[in-house]
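Enquirer: The following comprises the amino acid sequence and a computationally predicted model.
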Amino acid sequence: MDQRPGTAGLRKKVAVFSQAHYLEMFTQAVFTTLNLRSGARLVIGGDGRYFNAQAIQRLMAVAVANGVREIIVGQHGLLSTPAASHLIRTRQAHAGFILTASHNPGGPAGDFGLKFNTPTGGQAPEQVTNEVFRVSQQLQGYSVATLPHIDLARIGRIEFEGVRVEVVDPVADYSRLMESLFDFDRIAAWLASGRRVCFDAMHGVTGPYARQILVDRLGAAPESLLHAESLPDFGGLHPDPNPIDAAELVARSRADNPPDLLAASDGDGDRNMILGPRLFLSPCDSVALMLANITRIPGYQGGIPGVARSMPTSRALDVVAASQGLPCYETPTGWRFFCNLLEAGRIGLCGEESFGTSSAHCREKDGLWAVLFWLNLLAVDGRSLPGMLSAHWAIFGRHHYQRWDYDVADASRASDLMAALRNLLPALRGTNPAGGVIETADDFHYRDPVDGSESAHQGVRLIFSNGARIVYRLSGTGTSGATLRVYLEQHVTTAEAIARSTVEAVTPLGRLAAQIARIGHHTGLAEPTGMI
Ligand code: G1P
Ligand code: ZN
C-alpha cells in the first residue's frame, strides 16, 4: 500500500486498485485510524468511473465488518464530490467515502481513486491521512462481512442483520441546496427570454445533475448539455475542464452566435471552467467577480465573513476583498486548507487557479455551484459576461495570469532546481531584474490560523514592486516524474495594458522566470510543456 503521505486518499490505475485485497486493505487502514463508534453512519458515492459499482460492494463489506450499521449511497453508486460533502453534513454521517480519480481518465486502463471525508464533509486533515498511511504499512489483514448483493439501481432502503442501506437519488438533496442559494425563478426567466447556456459534463458525474437542475428545473434547452451521459470511461475523453481538454466547448464559445455562458466540470463534479462569448474567464478572475457581486445572490445577501485563495492563485481576489474591508487568507495549494477556515466561519468564498471554487455551502469545491452562481449573476446584472468583466477590470485593474507547466521526466532534477532556487532567494531580494524590484523572495510557509498547524515549503514566491509575481512549485498530484508549475501574474491598471492580451502581458515574465530558476539548465526543457 503506497498511499502518498499527505493526500486525502489513494489514487491508482484500475489494474492496481482492482487486485484482490487492495481496496479492502486501504479501507481497513481508514477504519482502524478513524476508530468510529460501533453503529456508525457512512455516506458512499463515486463519479461512476469503471470499477465504481464493484468497489462500492467491496467497501461496504469492510465497513459493516468494522461496525458500520447505516450506509447512505447514491443510486447507481453515483454522487458528485460536492453532493457527497453535502450529504455527509446533512445526514450527520461519521465519515464519507468518495470513489473518484477526479479529472483523470477512466476505463479499464484508466485511474481509480478512493478518498474519505470527515463528518464536517471536508477532506481529512494531513495528520489523519498520514496516520492512515502509517497504519496501512503495518496492517496484517482486514475484517470483511458477507453481505447480500445490494441493488444500487433501486432507490429505497434495504435492511439485513441490523444494517440499513439507503439508496438515494444523488441529485435531490443537492438540487434543494442549490435552490436555497440561488434565485431559480430569475435564472429560469433569463433563460426563457432567449439567453442560452451550454454545459459540458465531459461524461462525468454531473450529467444527471445538470439535466435535473439546468434542463428540467430551469428550463434550459436539452441541447444545452454536452457529453451529459455518465460513462465509465468518460467516452475516452480526459474529463478535465480546461481549455485544452474541453476544446469543443472553447470552439463553441468562438463560433457564430455563441451561448451567453459556457461551462464544464470534471469527472467528479468539483472543478469548473467558465467561458463567455469569445471569452475565457480565468478562475482567478471568476472568484474575484463573485466576491465583488456576492450580495446580489440570495444565499449570500447578508455578506460573508472573509475569503481565501490558494497562494498561486492571482491576487485579483485580494484587491476586491480589500475594497470591502474583508480578510483574504492565502493558503497552500490543496482544497483541504480551506476547510478549517470554512468550518471556523472565517470565510464564505474561496478559490484556486486550478478551476476550483466554492463557498461555505459544503466543504468541497463545487463545479455546478459555480455555474449556477454565474447564471444567477448574469440574470440579475443583465450585462454580458465580457461586459461585466471589462467593467470589473476598469475598477480593480486586471491581473493577467498564466500557468506554465514543465513536465520533467527525472523528478530529482526538478527537486534540484527548487533547492537551487531556494538558495538563491537572499541574493534575489532587492534586485531589479526587469521593470520592478523584487520586494519579497521567499518559500511560502503557512500557519493555519484555526489550529496553528504549520506547512512549510509550499512554493517559492517572487513578488515585484510593479505588480508582477512569479511563483514556482512542484505538483503534488502527479504519478510519474515531476511537474514544475510556474505561475505568472501581472497586475495592470491602464486601459492600454488591460486591453493587451494575456500572452503578451506575461510572456516576458515567463522568460524571466525560466532564466532566474535556470529551468533549461536543470530540466533540459527550453519551453514549457503546457500553458494554461
Ligand atoms: C492540483 C492543483 C491544485 C488542486 C489539486 C487537486 O495540484 O494545482 O490546486 O488542489 O490539483 O485537485 P498540483 O498538481 O498542483 O499539486
Ligand atoms: Zn475533481
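Expert: Thanks, I have it. Ligands and ions are numbered 1, 2, ... in the order given.
Enquirer: All the helices of the stretch 101-250 of the chain, residue numbers only.
Expert: Defined through DSSP state H, counting those that start in this stretch, the helices belonging to the stretch 101-250 of the chain, from first to last, are 126-138, 172-181, 184-192, 206-210, 247-254.
Enquirer: could you dump the first one to CSV, C-alpha only?
Expert: Read it as helix 126-138. Extracted C-alpha coordinates of helix 126-138, given in CSV (Å, rounded to 0.1, in the frame of the first residue of the first chain):
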residue,chain,number,x,y,z
GLU,A,126,-3.0,15.8,7.0
GLN,A,127,-2.4,14.3,10.5
VAL,A,128,-5.2,11.8,9.8
THR,A,129,-4.1,10.9,6.2
ASN,A,130,-0.5,10.4,7.5
GLU,A,131,-1.8,8.1,10.2
VAL,A,132,-3.8,6.1,7.6
PHE,A,133,-0.5,5.7,5.7
ARG,A,134,1.4,4.6,8.8
VAL,A,135,-1.4,2.1,9.7
SER,A,136,-1.5,0.7,6.1
GLN,A,137,2.2,-0.1,6.3
GLN,A,138,1.7,-2.3,9.3
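Enquirer: Any buried residues in it, and which?
Expert: For helix 126-138, the buried set under the neighbour-count rule, 16 or more other CB atoms under 10 Å, comprises E126, V128, T129, N130, E131, V132, F133, V135, S136. (Each C-beta comes from the backbone N, C-alpha and C, glycine too.)
Enquirer: Longest helix in the chain, please.
Expert: As far as residue count goes, and with DSSP state H defining each element, the longest helix of the chain is helix 411-428.
Enquirer: Residues in contact with that one: which ones?
Expert: By CB atoms under 8 Å, 6 or more residues apart in numbering, the surrounding residues in contact with helix 411-428 are 406, 408, 438, 441-443, 460, 462, 472, 474, 481-484, 516-519, 522-524.
Enquirer: How about stretch 208-220?
Expert: Counting by CB under 8 Å, 6+ apart, the neighbours of stretch 208-220 from elsewhere in the structure are 78, 80, 83, 170-171, 174-175, 178-179, 184, 187-188, 191-192, 196-197, 199, 201, 221-222, 224-225, 228, 230, 269, 368, 371-372, 375.
Enquirer: Weed out the non-buried ones from those residues.
Expert: Among these, those buried by neighbour count (16+ other CB under 10 Å) are 78, 80, 83, 170-171, 174-175, 178-179, 184, 187-188, 191, 197, 199, 201, 224-225, 228, 230, 269, 368, 371-372, 375.
Enquirer: Now do the phi/psi pair for the residue nearest in space to the middle of the chain.
Expert: Nearest to the mean C-alpha position of the chain, by CA atoms, centre = their mean, lies G356 at 3.7 Å. For G356, the backbone dihedrals are phi -120, psi 130 (criterion: degrees, to the nearest 10).
Enquirer: Now the residue nearest to it when sequence neighbours are not counted: phi and psi?
Expert: With sequence-adjacent residues excluded and distances taken as CB to CB, 6 or more residues apart in numbering, G356 is closest to K365, at 3.7 Å. The phi/psi pair for K365 (degrees, to the nearest 10) reads phi -70, psi 160.
Enquirer: just checking, L488 is part of a helix?
Expert: No: the assignment for L488, made by DSSP: H, G, I helix; E, B strand; the rest coil, is strand rather than a helix.
Enquirer: Just the contacts of helix 411-428: which are in helices?
Expert: Taking DSSP H as the definition of helices, the contacts of helix 411-428 contribute I516, A517, I519, H522, T523.
Enquirer: OK, contacts around the first one?
Expert: This points to I516. Contacts of I516 (CB under 8 Å, 6+ apart): L421, L424, L428, P433, L462, I470.
Enquirer: The last one bridge partners, please.
Expert: Meaning I470. Residues in a beta bridge with I470, per DSSP bridges, are L462, L488.
Enquirer: Now do the same contact list for G46.
Expert: G46 is in contact with N52, A55, I56, G74, G77, L78, L79, I98, L99, T100, V205, D268, counting by CB under 8 Å, 6+ apart.
Enquirer: so of the residues you listed, which ones are in strands?
Expert: G74, G77, L78, I98, L99 (DSSP state E).
Enquirer: possible to save those residues as TSV with pLDDT?
Expert: Compiled in TSV, those are given as follows (pLDDT from 0 to 100):
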residue	pLDDT
G74	98
G77	97
L78	98
I98	97
L99	97
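Enquirer: Include mean pLDDT and distance to ligand 1 when you put the helices of the stretch 101-250 of the chain into CSV, please.
Expert: Formatted as CSV, these follow (pLDDT from 0 to 100; distance: least, CB to the nearest ligand atom, whole Å):
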stretch, mean pLDDT, distance to ligand 1
helix 126-138, 90, 14
helix 172-181, 98, 20
helix 184-192, 98, 28
helix 206-210, 98, 16
helix 247-254, 97, 20
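Enquirer: Mind putting these into JSON lines with distance to A391?
Expert: Formatted as JSON lines, the entries for the helices of the stretch 101-250 of the chain read as follows, by distance: least, CB to CB, whole Å:
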{"stretch": "helix 126-138", "distance to A391": "41"}
{"stretch": "helix 172-181", "distance to A391": "24"}
{"stretch": "helix 184-192", "distance to A391": "19"}
{"stretch": "helix 206-210", "distance to A391": "29"}
{"stretch": "helix 247-254", "distance to A391": "20"}
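Enquirer: Ligand 2: which of those is closest?
Expert: Distance to ligand 2, taken as CB to the ion, is lowest for helix 206-210 among the helices of the stretch 101-250 of the chain, at 10.3 Å.
Enquirer: Perfect, that will be all.
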